[in-house]
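Q: Mind looking at a prediction? Sequence and model below.
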Amino acid sequence: MKQMNGQTILLGALVLVLVLVSFNLYFDKQDVEQENQRLTEQVEHLSAKEKQSEALYTQTETFIEAIFEGDALRYFTESYRSEVEDEVTEAETMHGHSRSNTADLEIFNISVRPREEGFQVYAIYRITLTGVEGELESLGRQRVMYLMSQMNWVEEQGEWKVDAHDLEPLTSGEEFEEAINNG
């Protein structure tokens, strides 16, 4: 055999280095593509959740308006509707069909938080009660209420429905406005 010269050894070493670099680059590229795929799926999932949150924000505004117009039942799930209808029937029996009219609904904040199943939504708003059939129409006699609603929204038959709703006053309107005005 002929004696190997330095150029052949250098060429062989260079080919070996190129093969190792190519091998590493190929597998690094595979890892990067897998990571990109995972991140793309994660971004798509977050975008879908964000779109759902935006839709529920708007749906919550409409639901709050419907509460004071007496049309909230259509937003409830079947199971929650049957539970609430019994309470409404009992309240109407006790208080008759007269209810205070409302005006000037102003929503301050709606917070949508994803849960394992559905979304938890909080809303803070102000409503003015004008009395039954406008009996308190003179300014100053109208009662201002600051309220908070806590709702559980779940998907039922392809639509977002309220599965639980808790409505409670934050404080009386006079106390709240006085606190704001006095700093």
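A: Received the coordinates, thanks.
Q: Relative to Val17, how far out is the spatially most central residue of the chain?
A: Central residue of the chain (Cα atoms, centre = their mean): Val112, 2.6 Å from the mean position. Distance, Val112 to Val17, using Cβ to Cβ, to the nearest Å: 56 Å. For glycine as for every other residue, the C-beta is placed from the backbone atoms N, C-alpha and C.
Q: same check, this time on Gln7
A: 15 Å.
Q: quick one: low-confidence ranges for this protein?
A: Across the chain, the ranges flagged by pLDDT under 70 are 1-4, 91-101, 131-142, 171-183.
Q: quick one: the helices in this protein?
A: All helices of the chain, identified by DSSP state H, fall at 6-69, 78-95, 173-181.
Q: mind putting those in CSV, mean neighbour count and distance to Tyr122 included?
A: As requested, those are exported to CSV (neighbours: other Cβ atoms under 10 Å; distance: least, Cβ to Cβ, whole Å):
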stretch, mean neighbour count, distance to Tyr122
helix 6-69, 12, 9
helix 78-95, 11, 18
helix 173-181, 12, 17
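Q: Turn these into JSON lines, including distance to Leu105.
A: Shown next, in JSON lines, are those (distance: least, Cβ to Cβ, whole Å):
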{"stretch": "helix 6-69", "distance to Leu105": "6"}
{"stretch": "helix 78-95", "distance to Leu105": "20"}
{"stretch": "helix 173-181", "distance to Leu105": "13"}
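Q: And those helices: which comes nearest Leu147?
A: Among these, helix 6-69 comes nearest to Leu147, with 8.9 Å by Cβ to Cβ.
Q: returning to what we had before: tell me which of the helices of the chain lies nearest to Gly118.
A: With respect to Gly118, and counting by Cβ to Cβ, the nearest of the helices of the chain is helix 6-69 at 9.2 Å.
Q: tell me what that closest one is packed against?
A: strand 100-114, strand 119-132, strand 143-156, strand 159-172 (3 or more Cβ pairs under 8 Å, 6 or more residues apart in numbering; DSSP states H and E).
Q: All set now, cheers.
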